[in-house]
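> Kindly generate the corresponding structure for this input.
(one chain, ligands or ions: 1)
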Amino acid sequence: MPARLFYWLVFAAAAAPGGVLAWRAWTGDLGVNPAETLLHTSGRWALGILIATLAVTPIRRLTGWNRIQQVRRMVGLWSFTYALAHFLLYAVFNHLGDIRAIWADVVERPFILSGMAALVILTVLAATSPAAMVRRLGRRWRTIHRFVYPAAVLGVVHFAWGQKADIREPLVWGGVLGLLLLVRVAAWAGRPASRQVEVTR
Ligand code: HEM
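This is a model prediction of the structure:
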């Protein structure tokens, strides 16, 4: 498959949930609580796509399929887009855009704080993702982008904390994330000592 075609297929797959959600909103097909459907669906896609981003490098290493690496940045930016939409929906529907009320919620509810912390990290990663920033930041870029792991952990914690009773689903996401972290640590530990200071991409 040509490289550009692969890129745009992945792009379309990541954009599709947003398109479907927008279509459902347009046609009034969001169920009894449209605000809740929008908030929950955007949050789930933000987290699912974030974890998919973390799977890119392990898949490349295990399969030798190098082309997959070219979509990692774009997929990561989609996760940020869904997370930002998720936050904006929360700000508008839950607090009518009142910044003080949002801030009070952040400091009062650890569940909201964990989501906010994840979003702050994703914002920094998105802002430092253009090629010019990669060049300008040099080695520091890799250090900054390692924070994608804490962002994903915070996302899973936020998901689990937000559930009223049944935390089975966040636990499954946590398990997948734990596995990806293990693969990463194993790859790092397997490198020659001289190269362990380097952070692999
Ligand atoms: C300022 C940032 C954020 C705020 C204020 C926020 C707020 C919320 C709220 C109010 C809910 C609904 C909880 C409920 O009704 O029980 C929710 C659910 C959720 N959020 Fe966030 N969130 C933020 C960031 C994030 C980020 C960055 C992610 C992912 C990386 C995320 C993933 C989720 C998930 C997966 C759910 C559960 C959806 C479900 O139960 O179906 N959130 N969030």
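
> what about the spatially most central residue of the chain, helix or strand, and which?
When Cα atoms, centre = their mean is applied to the chain, the residue found nearest the centroid is L50 (2.7 Å). If you go by DSSP states H and E, L50 is part of helix 34-63.

> What distance do you get for W23 to A16?
10 Å (Cβ to Cβ, to the nearest Å). Just so you know, the C-beta spots here come from the backbone N, C-alpha and C atoms, and that holds for glycine as well.

> repeat for A151
Taken as Cβ to Cβ, the span from A151 to A16 is 23 Å.

> of those two, who's got more company?
In this comparison of A151 against A16, neighbours counted by other Cβ atoms under 10 Å, the higher total goes to A151 at 25 against 11.

> Pull the number of nearby residues for the closest residue to that one other than its chain neighbours.
Spatially, and ignoring its direct neighbours in sequence, A151 is nearest to I121 (4.0 Å; Cβ to Cβ, 6 or more residues apart in numbering). With neighbours defined by other Cβ under 10 Å, the count for I121 comes to 21.

> ok now the helix or strand that contains I121, how far from the chain's centre?
Using DSSP H and E, I121 sits within helix 110-127. If you compare the mean C-alpha spot of helix 110-127 with that of the full chain, they lie 10 Å apart, counting by Cα atoms, centre = their mean, to the nearest Å.

> Can you work out which other helices and strands pack against the helix or strand following it?
Past helix 110-127, further along toward the C-terminus, the next helix or strand under DSSP H and E is helix 131-137. For helix 131-137, the packing partners by 3 or more Cβ pairs under 8 Å, 6 or more residues apart in numbering; DSSP states H and E come out as helix 139-145.

> Can I get the helix it packs on in PDB, CA atoms only?
Coordinates of the C-alpha atoms in helix 139-145 are reproduced here as PDB (Å, rounded to 0.1, in the frame of the first residue of the first chain):
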ATOM      1  CA  ARG A 139      17.400  15.900  23.200                       C
ATOM      2  CA  ARG A 140      15.000  17.700  25.500                       C
ATOM      3  CA  TRP A 141      12.200  16.900  23.100                       C
ATOM      4  CA  ARG A 142      12.500  13.200  23.800                       C
ATOM      5  CA  THR A 143      12.400  13.800  27.600                       C
ATOM      6  CA  ILE A 144       9.300  16.000  27.200                       C
ATOM      7  CA  HIS A 145       7.600  13.400  25.100                       C
END
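
> Please spell out which residues along it are buried.
By 16 or more other Cβ atoms under 10 Å, the buried positions in helix 139-145 come out as 141, 144-145.

> Spatially nearest residue to H145, not counting backbone neighbours?
Sequence neighbours aside, L125 is the residue nearest to H145 in space, at 6.1 Å (criterion: Cβ to Cβ, 6+ apart).

> ok, how many other residues are close to the one you found?
One way to gauge burial is a neighbour count; for L125, by other Cβ under 10 Å, it gives 22.

> Show me which residues of this protein sit near the ligand.
Along the chain, the residues adjacent to the ligand under the rule Cβ under 6 Å from any ligand atom are 39-40, 43-44, 46-47, 50, 83, 86-87, 90, 94, 112, 115-116, 118-119, 122, 155, 158-159, 162.

> one more time with 5 Å
Counting by Cβ under 5 Å from any ligand atom, the chain comes close to the ligand at 40, 43-44, 46-47, 83, 87, 90, 112, 115-116, 118-119, 155, 159, 162.
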